[in-house]
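Enquirer: Sequence and predicted structure are below.
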Amino acid sequence: MTVRLSARSRLALLHTGLVLAAGAVLVTLTYVLMRRNLNDRPRMLAITGSPDAASPVPADGLAALETVDRLHAGTLSQLLTQSLIALAIVTVLAAVLGWLLAGRVLRPIRAISDTAQRLSAENLSERVPVTTPADELAMLAQTINGMLDRIQSGIAERDKLLHSLRMFVANAAHELRTPLTTMRTAIDVTLDGQPSTEEFLVMAGDVRTAVEHSQRTLDGLLTLARSHTGPSRQHPMDLADVVAGIIDSVKEKADTQHVELRTDLRPAPLTGDPVLIDRMVTNLVDNAIRYNETGGSIAITTDTAAGHAQLSITNTGQRVEPGTANQIFEPFVRGIANQPRIDGGAGLGLSIVSAVVNAHHGQLSSNAPETGGLGIIIRIPTRFR
C-alpha cells in the first residue's frame, strides 16, 4: 500500500534531508582534513638527528612513532564519533524545525482551503486573509479574492437577469392575456341570448380593439428582441433629419392634445440602423406627447458633442418619482404610480429606446424635475464600432 505524505511532511523531510546531507559532507571533510594534517606533521626527526631516510632508526624511535600513530588514530576515531553524534542531534533538531517551518509556510494554504470549504452558492462573502509581507502566497490570496469577487458579481447579475426575465415573461403573458379575456367576454356576453345586428357590431369593435392591442404588444416584443441583437445594417444618417420627419408626422396629434413642440435641431450625423433609430425617436416623441398635460410643451434638441450625436427631449406633465426615473426603461414599467396605460400602450416604448441605444453603444440618462415631466438625453457615437 502506497503511503501518501502531506505537503507539510514532504517539506519537513526535504529540509531534514538537506541538513543531513550538508552535515555528512561537513563531517567527511573535517575527518579527511584532520587525518591529512596529522599525517603531514614531522615525526620525531630529532630521534635520528638527521632527516636522511637511509640512516637507521633506533628502537626507541620506532616505539615513539607507534605511540604517535596510536594517538593519531584515537584522535580521529574520537573526532568521527563525536561528529556523528553531533550530526544526529542536528538532524533531529532540523526535523523538528522543518516541521514547524513547513506548518508556518503552509498556513495561508490552509486558510485558502478552509475558505473554499465554507463557500457555497448561498454564501460567497468569505474571503481569504491576505498575509504580510506581500509574498507569493499573499499574491495568491489576492488573486483568489479577486476571482471570488468576480464570481459573486456574476452570480448577482445572473440572479438579477433571471428575476427580470421572470418579470418580463409574467408581464408579457398578462399583456397578451388581457385582450384575449376582453375578446372572450365580449363574445360570451353577445352570444348570451338573441343578439341583434347592433350588438354584433359592438362586439366586433371590442374584438378589433383587443386584437390591435395584442398586435401592438407583439410588435413591441419583436422590435425589442431585434434591438437586443444589434443593428442588422448600418447607414450614415442625420439624427436631426430623423427627428424632423417624425415631428411632422405627430404634429396633428400634438395639436389635438394642445401640446407645443419646441425644436432646436442642429446637425447630428451618425452611422446606424435607420429602422431602429427611427423607432427609437418615434417612441420618445410619442411617449412625450402621450404622457403630457393639456397645454404642456415638449423641447427637442439635437447636436454633436465629443464625437457623439446627442438627442435631448424634455416634456411637461405629472411628476415622475425620482426612484423610478431609471426604471421606466424596463419593460412594462410605468414612471407615474397608479396611472393607467394610455391609448392601449404596451409599456415597451422606453425599453425599446434603451435597447436601441445599447445596440449602438450609446449612453442614455434621464432626470425627473420637481416641477413634473421627464427629461431624457441620448448620446450615440458618430461612428458605429
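Expert: Received the coordinates, thanks. Residues are numbered from 1 along each chain as shown.

Enquirer: C-alpha from now on. contacts and neighbour counts both.
Expert: OK.

Enquirer: Would you pull up how far the longest helix belonging to the chain lies from the middle of the chain?
Expert: Ranked by residue count, the top helix of the chain under DSSP state H comes out as helix 136-191. Chain-centre distance of helix 136-191: 18 Å, with CA atoms, centre = their mean, to the nearest Å.

Enquirer: Can you spell out which helices and strands pack onto that helix?
Expert: Contacting helix 136-191 under the criterion 3 or more CA pairs under 8 Å, 6 or more residues apart in numbering; DSSP states H and E are the following elements: helix 107-118, helix 197-229.

Enquirer: do that again at 6 Å, thanks
Expert: In terms of contacts (3 or more CA pairs under 6 Å, 6 or more residues apart in numbering; DSSP states H and E), helix 136-191 is packed against helix 197-229.

Enquirer: buried set for the helix it packs on?
Expert: Using 16 or more other CA atoms under 10 Å as the test for burial, helix 197-229 gives 203-204, 206-207, 209-211, 213-214, 216-218, 220-221, 223-224, 226-227.

Enquirer: likewise stretch 264-283?
Expert: Neighbour count says stretch 264-283 has 265-274, 276-283 buried, by 16+ other CA under 10 Å.

Enquirer: likewise stretch 249-269?
Expert: Neighbour count says stretch 249-269 has 250, 254, 257-261, 263, 265-269 buried, by 16+ other CA under 10 Å.

Enquirer: and these as a markdown table, adding pLDDT, secondary structure and distance to H235?
Expert: Putting those into a markdown table (pLDDT from 0 to 100; DSSP: H, G, I helix; E, B strand; the rest coil; distance: CA to CA, whole Å) gives the following:
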| residue | pLDDT | secondary structure | distance to H235 |
| --- | --- | --- | --- |
| V250 | 91 | helix | 25 |
| A254 | 91 | helix | 30 |
| Q257 | 89 | coil | 35 |
| H258 | 91 | coil | 36 |
| V259 | 93 | coil | 33 |
| E260 | 93 | strand | 32 |
| L261 | 94 | strand | 28 |
| T263 | 93 | strand | 25 |
| L265 | 94 | strand | 20 |
| R266 | 94 | coil | 19 |
| P267 | 94 | coil | 16 |
| A268 | 94 | coil | 14 |
| P269 | 94 | strand | 10 |
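
Enquirer: Closest to V32 out of those residues?
Expert: Minimum distance to V32 across these is 92.0 Å, recorded for P269 (CA to CA).

Enquirer: Let me know the distance separating that closest one from L191.
Expert: Noted for P269: a distance of 57 Å to L191, by CA to CA, to the nearest Å.

Enquirer: Could you single out the nearest of the buried residues of stretch 249-269 to T324?
Expert: V259 (24.3 Å).

Enquirer: was I right about that closest one contacting G296?
Expert: Yes - counting by CA atoms under 6 Å, V259 does reach G296; the two are 5.0 Å apart.

Enquirer: Which other helices and strands does the helix or strand bottoming out on mean pLDDT in the chain contact?
Expert: Lowest on mean pLDDT, DSSP states H and E among the helices and strands of the chain sits helix 197-229, with a mean of 78. For helix 197-229, the helices and strands in contact under the criterion 3+ CA pairs under 6 Å, 6+ apart are helix 136-191, helix 349-359.

Enquirer: Highest mean neighbour count out of those helices?
Expert: Mean neighbours per residue, mean count of other CA atoms under 10 Å, is largest over those for helix 349-359, with a mean of 23.

Enquirer: how big is the angle separating it from helix 197-229?
Expert: Put simply, helix 349-359 runs at 20 degrees to helix 197-229, going by axes from the mean of the first three to the mean of the last three CA atoms, to 10 degrees.

Enquirer: sorry, back to before: show me the buried residues of stretch 264-283 that map onto strands.
Expert: Judged by DSSP state E, strands contain the following of the buried residues of stretch 264-283: 265, 269-272.

Enquirer: I'd like the residues you listed written out as TSV, with distance to R118 added.
Expert: Formatted as TSV, these follow (distance: CA to CA, whole Å):
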residue	distance to R118
L265	60
P269	55
L270	52
T271	51
G272	49
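
Enquirer: quick one: R10 from A359, how far?
Expert: 57 Å.

Enquirer: same thing with L29?
Expert: Distance, L29 to A359, using CA to CA: 78 Å.

Enquirer: swap in E136?
Expert: Distance from E136 to A359, counting by CA to CA: 43 Å.

Enquirer: Same question for A63.
Expert: 109 Å.

Enquirer: And the chain, split by domain according to the record?
Expert: As given by automatic domain parsing, the domain ranges for the chain are 7-41+69-113, 233-381.

Enquirer: and those domains, which is most packed in?
Expert: Sort those by mean neighbour count, taking mean count of other CA under 10 Å, and domain 233-381 sits at the top with a mean of 18.

Enquirer: what about it, how long is it end to end?
Expert: Length of domain 233-381, first residue to last, CA to CA: 16 Å.

Enquirer: show me the contacts for the most centrally placed residue in the chain.
Expert: For the chain, R150 is the residue whose C-alpha lies nearest the centre (CA atoms, centre = their mean; 3.7 Å). For R150, the contact set (CA atoms under 6 Å, 6 or more residues apart in numbering) is empty.

Enquirer: Great, nothing more from me.
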